[in-house]
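Chemist: how would this look folded up:
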Amino acid sequence: MINVILIVDDSPISRKMLKSCIPKDRGYVFHEAGDGQAGVELYKKIQPDVTFMDLTMPVMDGATALGEIKKYDKFALVIVLTADVQAKSLEKVTELGAFLVVKKPPNKENIQDALSKAEEKLG
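Modeler: Take a look at the predicted model:
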């Protein structure tokens, strides 16, 4: 079951948009980080059930942060949210262990679908 969600994105507006796509009635606990480095540190501290990760960020980009999180926890469920849909970028994050890739901007349908898949994976 998903209880804790980590959102890693350098844009406060993007984080707010993503949260607006997530059902409010499930009682999720949200944590947010504004760059990949902060995201990795927060991940280690809170051990979220699901992490939404942007790719283009300052300090540490999302692909690097994803790699660091997967080194720390090989079972981490990281959903990459990106406007970059180039095959090379998608291939890279998939190889690094992204659970899913969702195109930005998010909408309720694709975010709820991603959460359902994550819920199934968690069993």
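Chemist: Kindly list the main-chain dihedrals of the spatially most central residue of the chain?
Modeler: Here the mean C-alpha position of the chain is nearest to the C-alpha of Phe52 (C-alpha atoms, centre = their mean), at a distance of 1.3 Å. Here is the backbone geometry of Phe52 (degrees, to the nearest 10): phi -100, psi 130.
Chemist: In a strand, Ile79, correct?
Modeler: Yes - assessed by DSSP: H, G, I helix; E, B strand; the rest coil, Ile79 belongs to a strand.
Chemist: For it, give me its contacts.
Modeler: Residues near Ile79 by C-beta atoms under 8 Å, 6 or more residues apart in numbering: Val50, Thr51, Phe52, Met53, Ala98, Phe99, Leu100, Val101, Val102, Ala114, Ala118. Bear in mind the C-beta positions are built from the backbone N, C-alpha and C, glycine included.
Chemist: Could you report the distance from it to Asp10?
Modeler: 17 Å (C-beta to C-beta, to the nearest Å).
Chemist: So in the chain, where's the weakest helix or strand by average pLDDT?
Modeler: helix 87-96 (a mean of 86; mean pLDDT, DSSP states H and E).
Chemist: buried set for the helix or strand just after that one?
Modeler: Using DSSP states H and E, the next helix or strand after helix 87-96 towards the C-terminus is strand 100-103. Within strand 100-103, the residues scored as buried using 16 or more other C-beta atoms under 10 Å are Leu100, Val101, Val102.
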